[in-house]
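Asks: got a sequence here, can you model it:
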Amino acid sequence: MALIILLALAAVACQSVKADPDAVSLTRTIYDELRLGQEATLAAHASAAMQRPQAAAQFAKLRGVLPPGEPRSMKVVGQAVRDIPGKGRIEALSLEYDYGAAKTLFQTRLFRAQGAQDWRVVAFNLRVASAKELAVNRLSPVGKSPLQYIYLALALSSPLMMLAALVKVLRTPGLTYKWAWAPLCFVGLIGFQQNWATGQTLVVWNSVQVFGPWLSNTGSAFDPWFITATVPLIALLVLGGVLANPPRAGAKAAV
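Replies: Alright, predicted model coming up:
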């Protein structure tokens, strides 16, 4: 059951990113021109700042760190758009290329003037890492610290306790206001967010959350997974008989 919840949250967190097709096409073209050493055509798509003589030397340095051969696949892992009134639109794109033994993350900032149809590249950034270096960012329990295992147990057990409390509320005879107790079973206090790659955990003491557990990731192998959790306090009190526990008939008679 816990594994099903984990996989379901991961599937929601990995939704595809929608981006302008023309912007994606230009970013792919720029990457190929950089990879193949076509500086002249690359400069034609760039802003004036990237057409300076020293830019060619910088392009050559970047080309030198690229993995050899053709990439196996490409996917869009990040996109952001900003409209500038009276000037145009800026779009930032992140494309991840898979070479098998290594991956690259190519990030561009594009600008399209108001009324124009073509994008121009304003700046770009390149990151390269081997599969071994990126392994730390995987959503895997292998090689984690004991504290991370404890945290993962909290994140996975929290929704199970909430569901158990809901079942108890619904099956408790004589309990009034079940319609109010049922949603309260999913209220948690204190919020946690852990970087699964490093184990660093953020604690928000004054947080009130509904359900709580969640997985988040940009969709890129270069970025870590974050796991959020909460303390299912209401569920614990219900399961412990402190809350949603109507007095027995015998107790009423004794009174």
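
Asks: tell me which residues of stretch 21-37 are tucked away?
Replies: Of the residues in stretch 21-37, those scored as buried under the neighbour-count criterion (16 or more other CB atoms under 10 Å) are 23-24, 26-28, 30-31, 33-35. In short, each C-beta sits where N, CA and C put it, glycine included.

Asks: ok, now stretch 233-246?
Replies: Using 16+ other CB under 10 Å as the test for burial, stretch 233-246 gives 234-239, 243-244.

Asks: mind giving me TSV with these and columns for secondary structure and distance to Ser130?
Replies: Shown next, in TSV, are those (DSSP: H, G, I helix; E, B strand; the rest coil; distance: CB to CB, whole Å):
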residue	secondary structure	distance to Ser130
Ile234	helix	46
Ala235	helix	44
Leu236	helix	44
Leu237	helix	49
Val238	helix	49
Leu239	helix	47
Leu243	coil	52
Ala244	coil	54
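
Asks: looking at those residues, which is nearest Leu215?
Replies: Comparing the buried residues of stretch 233-246 against Leu215 with CB to CB picks out Ala235 as the nearest, at 20.4 Å.

Asks: out of everything not next to it in sequence, what's closest to that closest one?
Replies: Ala165 (3.8 Å; CB to CB, 6 or more residues apart in numbering).

Asks: surely that neighbour and Leu233 touch.
Replies: No: in this structure, Ala165 sits apart from Leu233 without contact. The criterion is CB atoms under 8 Å, and the distance is 10.5 Å.

Asks: contacting residues around the closest residue to Ser216 other than its chain neighbours?
Replies: Here the nearest residue to Ser216 in space, its sequence neighbours aside, is Phe226; by CB to CB, 6+ apart that works out to 4.7 Å. If a contact means CB atoms under 8 Å, 6 or more residues apart in numbering, then Phe226 has 193-196, 215-217 as its contacts.

Asks: return the member of those nearest to Trp179.
Replies: Of all the contacts of Phe226, Trp179 sits closest to Leu215, with 30.3 Å by CB to CB.

Asks: what about the closest one, how many neighbours?
Replies: Other residues within reach of Leu215 by the criterion other CB atoms under 10 Å amount to 21.

Asks: what secondary structure does it sit in?
Replies: strand (DSSP: H, G, I helix; E, B strand; the rest coil).

Asks: please, which helix or strand holds Gln58?
Replies: Assigned by DSSP states H and E, Gln58 belongs to helix 53-65.

Asks: for that helix, which positions count as buried?
Replies: When burial is assessed from 16+ other CB under 10 Å, helix 53-65 yields the following buried residues: Phe59.
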